[in-house]
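Return atomic coordinates for the entry below.
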Amino acid sequence: MELKDIIKDYKERYQLTNDDIAARIGVTKSTVSRWISGDVKRIQEETLQRLNELLGFDITPILKGTAVHYSRPILGQVKAGYNMYVDECKTGDIQVSETDYLAGDYFLKVNGDSMSGSGIMDGDLVLVKQCSSVHNGQIAVIIVGEEVTIKRIIQKPDLLILEATNPLVENRYYTPNDIENLPVKIIGRVIYSQTYF
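Okay, the predicted model is just below:
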């Protein structure tokens, strides 16, 4: 992976323009354009430090052509069940492959067994891609009012179903009015689950 790939990925992931990135780092728009085109190989130390802070990891090894270690943060817990309240707090980082780094944004620790039928067990870490919608049948992280949960999303014309894959746990059903007023919001898609023994 090169600097241009990292900047392009960051732009797409957070839906930013070259102007947005330039403003956050304190460089010109044309500098960001040169990074993306691959014309720039060296970055001043102060700019590099701000770029590292923005991206969330040290890109110095990439610029030097040496091995890079990628990581994603663990941002607290999510209930595979119900009645767990939103409480985002970073509890550490996990080293990941470049593929996983590009696939997901953060990890959450699973509390509960409502998704055991999908292989998501109590105590697992799930890699989550930040997003506001998913395809029918995908597993998502959802905020319902002040609760946060992991469920399979089933979308019907006038009904949203949060489906548990453990037959002992009830599904939940939400009308468009519920979705608007509670609210019910998708905040990410589960990419995979890591089981720890």
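
C-alpha from now on. contacts and neighbour counts both.
Will do.

What residues sit buried inside stretch 159-177?
Buried residues in stretch 159-177, defined by neighbour count with 16 or more other C-alpha atoms under 10 Å: Leu160, Ile161, Leu162, Glu163, Ala164, Thr165, Asn166, Asn171, Tyr174.

Start and end of it, how far apart?
Start-to-end span of stretch 159-177 (C-alpha to C-alpha, to the nearest Å) is 10 Å.

cool, stretch 142-150 as well?
Stretch 142-150: ends 6 Å apart by C-alpha to C-alpha.

So what's the gap between that stretch and the chain middle?
Computed by C-alpha atoms, centre = their mean, to the nearest Å, the chain-centroid distance of stretch 142-150 equals 16 Å.

and what of stretch 145-163?
18 Å.

what's the average pLDDT for it?
The average pLDDT within stretch 145-163 is 93.

Just the endpoints, please. Distance across that stretch?
Terminal residues of stretch 145-163 are spaced 17 Å apart (C-alpha to C-alpha).

tell me the secondary structure for the residue nearest to Ile36 when sequence neighbours are not counted?
The shortest distance from Ile36 to any non-neighbouring residue, by C-alpha to C-alpha, 6 or more residues apart in numbering, is to Lys4 (4.3 Å). What DSSP: H, G, I helix; E, B strand; the rest coil gives for Lys4 is helix.

my read: Lys4 touches Ser37, true?
Yes. When contacts are counted by C-alpha atoms under 8 Å, Lys4 is listed as touching Ser37 (6.5 Å).
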